[in-house]
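Colleague: I would like the atomic coordinates for the input below:
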Amino acid sequence: MSNEKLKKELHDLIDKTDDEELLNMVKEDIIAYQTESEKDFDDLSDLSPEDRAELEEQANEDPMKDTISFEEFKVEMKEWLSKL
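Modeller: Model prediction:
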């Protein structure tokens, strides 16, 4: 699809909506893209250093850290159900 055709379709879609929230979201996305496209976009830039460190720590955690086997699950469910 050519840029001109895509722009026309987008204009048509925008012209057909009266949803102010949707229009604001589209505007914000376009502005963010235009502003950040020249440099590396950091969508975590609004996080504090502590929050960023916590997020990085969680991203590097073993994904199986908090899991249990199906057998353990069945035992725990049986215990939980017996308390009802």
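Colleague: all contacts plus neighbour counts: C-alpha atoms, from now on.
Modeller: OK.
Colleague: Span of stretch 58-75 from start to end?
Modeller: Counting by C-alpha to C-alpha, to the nearest Å, you get 28 Å between the two ends of stretch 58-75.
Colleague: List the contacts of the helix ranked longest in the chain.
Modeller: In the chain, taking DSSP state H as the definition, the longest helix is helix 20-36. With contacts defined as C-alpha atoms under 8 Å, 6 or more residues apart in numbering, helix 20-36 is touched by Ile14, Thr17.
Colleague: Now do that helix, average pLDDT.
Modeller: Helix 20-36 shows a mean pLDDT of 87 in the predicted model.
Colleague: gap between it and the chain center?
Modeller: Its chain's average C-alpha position is 16 Å from that of helix 20-36, according to C-alpha atoms, centre = their mean, to the nearest Å.
Colleague: Then stretch 56-76?
Modeller: With C-alpha atoms, centre = their mean, you get 22 Å for stretch 56-76.
Colleague: can you pull the contacts of Ala59?
Modeller: So Ala59 contacts nothing (C-alpha under 8 Å, 6+ apart).
Colleague: so what's the backbone phi/psi at Cys65?
Modeller: You called it Cys, but residue 65 is Lys. Per-residue torsions, Lys65: phi -60, psi -40 (degrees, to the nearest 10).
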